[in-house]
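Enquirer: predicted model and sequence below, questions to follow.
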Amino acid sequence: SQTIHQWPATLVQPVGSPLSLECTVEGTSNPNLYWYRQAAGRGLQLLFYSVGIGQISSEVPQNLSASRPQDRQFILSSKKLLLSDSGFYLCAWSVPGTSGEQFFGPGTRLTVL
Amino acid sequence: GNSVTQMEGPVTLSEEAFLTINCTYTATGYPSLFWYVQYPGEGLQLLLKATKADDKGSNKGFEATYRKETTSFHLEKGSVQVSDSAVYFCALSDVNRDDKIIFGKGTRLHILP
């Protein structure tokens, strides 16, 4: 069966520090991959999605970036964190060309101080 | 463009009460419709889905019917439990549009014992 992992589970970082969040999927090949952010009390904002290795589409201009170095690995990065980057970051995957159902990881709680 | 509108919360009910969370959508094409649930501190889980008009999705006592004529997908449960307390997201996807999912803003549900 398929599983999705995210780490770390929680992270506290100072403003201006770098960020690297990792997401890996097991049990499937060539998935679509997604990064979302959920700010406190708000809905989901799609940040990036990827349909293959090295293929990244950005939904919202910001100081974050994403990379997909391997088929089932998706990384969210920043060179310098802002206070507004605090939130709950969710990774998800889906099978391309199906009904579109997405499967979510457990999330990373990021607090920028 | 495609969009999802769901009732704002929080919704507070007593245990064993009847639940309805309204959801309407705007879409071109033939989207699939979903309800996701997010328990505190966790990622989203698919609760139920419907892929075509008049389909009824059901799971854990929850139901929703894909109504094309009213562009709605209301979530219902006949008798809620304290363990149903969570945030519920209505969502749609169109596989013809990059397999992305459009989420509503979420409805927080509190069930009182």
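Expert: Happy to help now that I have it.
Enquirer: residue B:40 contacts residue B:109, correct?
Expert: No: with contacts counted by CB atoms under 8 Å, residue B:40 stays clear of residue B:109, the gap being 11.6 Å. Every C-beta, even on glycine, is put in place using the N, C-alpha and C of the backbone.
Enquirer: got the end-to-end distance for stretch A:22-35?
Expert: 10 Å (CA to CA, to the nearest Å).
Enquirer: quick check: buried residues in that stretch?
Expert: Buried residues in stretch A:22-35, counted by 16 or more other CB atoms under 10 Å in any protein chain shown: A:23-25, A:28, A:31-35.
Enquirer: show me whatever sits in contact with both of residue B:40 and residue B:109.
Expert: residue B:86 (CB atoms under 8 Å, 6 or more residues apart in numbering or on different chains).
Enquirer: between these two, which is the more surrounded one?
Expert: Neighbour tally, residue B:40 and residue B:109, criterion other CB atoms under 10 Å in any protein chain shown: the higher count belongs to residue B:109, 21 against 7.
Enquirer: tell me how far that one lies from residue A:36.
Expert: Using CB to CB, to the nearest Å, residue B:109 is found at 21 Å from residue A:36.
Enquirer: same deal with residue B:30?
Expert: Here residue B:30 is placed at a distance of 24 Å from residue A:36 (CB to CB).
Enquirer: the two - which one has more neighbours?
Expert: Taking other CB under 10 Å, residue B:30 and residue A:36 do not tie; residue A:36 has more neighbours (26 against 12).
Enquirer: what are the contacting residues of the helix or strand of chain B with the lowest mean pLDDT?
Expert: Lowest by mean pLDDT, DSSP states H and E among the helices and strands of chain B is strand B:101-103, with a mean of 90. By CB under 8 Å, 6+ apart, the surrounding residues in contact with strand B:101-103 are A:43-44, A:100, A:102, B:2-4, B:34, B:36, B:89-93.
Enquirer: and the residue of chain B closest to chain A?
Expert: Going by CB to the nearest CB, chain A is nearest to residue B:93 of chain B, at 2.9 Å.
Enquirer: not counting residues beside it along the chain, what's closest to that residue?
Expert: Once flanking residues are discounted, residue B:93 sits nearest to residue A:100: 2.9 Å by CB to CB, 6 or more residues apart in numbering or on different chains.
Enquirer: so the one you found: helix, strand or coil?
Expert: Assigned by DSSP: H, G, I helix; E, B strand; the rest coil, the conformation of residue A:100 is coil.
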